[in-house]
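J.: Okay, predicted coordinates and the sequence, questions at the end:
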Amino acid sequence: MADLSGGSEPLPVALRQPGEAPPAFQYSPDSVAGADGDVDPTEITFPGCACLASSCVAPVCSCLRRGGSYSSLCLRPAEEEEGYAQPVFECNAMCQCGESCQNRVVQRGLQFRLEVFKTEKKGWGVRTLQFIAKGRFVCEYAGEVLGFNEARRRIQAQTSKDSNYIIAVREHLHSGRVMETFVDPTHIGNVGRFLNHSCEPNLVMVPVRVDSMVPKLALFAATDISAGEELSYDYSGRFRNFPTPKREQKPSEDENRWRKPCYCGAPTCASFLPWDSSLFSTPGACSGSSP
């Protein structure tokens, strides 16, 4: 089987292709600046910690002043509920700690063997070829990081037949400020672009910051995942996020032409993929959308 990443990941991304392959795109394990150049995710703006130990500990490490986010490579759930609402900051390129530091997880890239395959109804999908324990990092949703105007322009240029890979993540800060991140892996992206939606997913998306305030959109195992199981996350961003976003408004008759059926097969399936019209009209951001 071919390596879809072309050797750019720590582990090969298998492509099972019985005479068929996904549309061509440029594989990048990390997000890159979009065509508009508004946001550069590779820029290093965070100061590094001065820890000289092989692995940083809280609260001694300046990167962990909000508390440790990982335990034995697993993401720690929020204390108050089974969710992942706390901010995650990893040690970065300016830190004095070593590469083996336990606060370096997402930046290490793939640690599990994944396979891209053709599903029966959902197009291409991703499954794991080995067991993944709950809380382990699986992969990033990487692509071009766009400003709002470019993300909106690309969304409005799509037709109802086009697959939408653009995801918009909205983070609500304690100050009341809302931070928005737009990622488009249509032309440049990684294995995350092939993940399908599920109304009962086995992955949860968590913004993880390493070198700057531009987050990596990291996907962690929400439960133990068996070898051969398809990987999925909730495109709407509702799954295990606090506070719970407002209920999705019923789309208008004109908007219904954009809605696509959901084939996740979950008992609680909503029948349609999540929908947010904000990038089509007034300034704002969608909670999340993908192919």
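T.: Perfect, I can see it now.
J.: where in the stretch 101-250 of the chain is pLDDT low?
T.: For the stretch 101-250 of the chain, the stretches flagged by pLDDT under 70 are 240-250.
J.: Now for Arg113, how many residues are close by?
T.: 13 (other CB atoms under 10 Å). The way it works is simple: take the backbone N, C-alpha and C, and place the C-beta from them, glycine included.
J.: For it, give me its contacts.
T.: With contact taken as CB atoms under 8 Å, 6 or more residues apart in numbering, Arg113 is in contact with Leu11, Pro12, Ala14, Thr128, Leu129, Gln130.
J.: how close does the closest residue to Thr119 other than its chain neighbours get to Cys91?
T.: The shortest distance from Thr119 to any non-neighbouring residue, by CB to CB, 6 or more residues apart in numbering, is to Gly125 (4.4 Å). Distance, Gly125 to Cys91, by CB to CB, to the nearest Å: 33 Å.
J.: which one of these two has more residues nearby?
T.: Of the pair Gly125 and Cys91, Cys91 is the one with more neighbours under other CB under 10 Å, namely 28 against 17.
J.: hang on, the more buried one packs against Cys56?
T.: Yes - the criterion here is CB atoms under 8 Å, and Cys91 meets it with Cys56 at 5.9 Å.
J.: any shared contact partners between those two?
T.: Joint contacts of Cys91 and Cys56 (CB under 8 Å, 6+ apart) are Cys49, Cys63, Cys97, Cys101, Asn103.
J.: Looking at the chain, which residue reaches furthest from the middle?
T.: The centre of the chain is farthest from one residue, Leu52, which by CA atoms, centre = their mean lies 31.3 Å away.
J.: Look at the nearest residue to that one once chain neighbours are set aside and give its secondary structure.
T.: Setting aside the residues directly before and after it, Leu52 is nearest to Gln96 in space (CB to CB, 6+ apart), at 6.1 Å. Assigned with DSSP: H, G, I helix; E, B strand; the rest coil, Gln96 falls in the coil class.
J.: Count the neighbours of Gln96 for me.
T.: Gln96, neighbours per other CB under 10 Å, totals 13.
J.: Now for it: which residues touch it?
T.: Gly48, Cys49, Ala50, Cys51, Leu52 are the contacts of Gln96 under CB under 8 Å, 6+ apart.
J.: Quickly note the distance from it to Val39.
T.: Relative to Val39, Gln96 is positioned 28 Å away (criterion: CB to CB).
J.: Over to Glu144?
T.: For Glu144, the distance to Val39 - CB to CB - is 9 Å.
J.: Between these two, tell me which one has more neighbours.
T.: For Glu144 and Val39, the more surrounded residue by other CB under 10 Å is Glu144, and the numbers stand at 27 against 21.
J.: With adjacent residues omitted, what lies nearest to that one?
T.: Gly34 (3.8 Å).
J.: Ok, His187 next?
T.: Here the residue nearest His187, using CB to CB, 6+ apart, is Phe25, at 5.7 Å.
J.: per-residue pLDDT, that neighbour?
T.: Looking at Phe25, its pLDDT reads 96.
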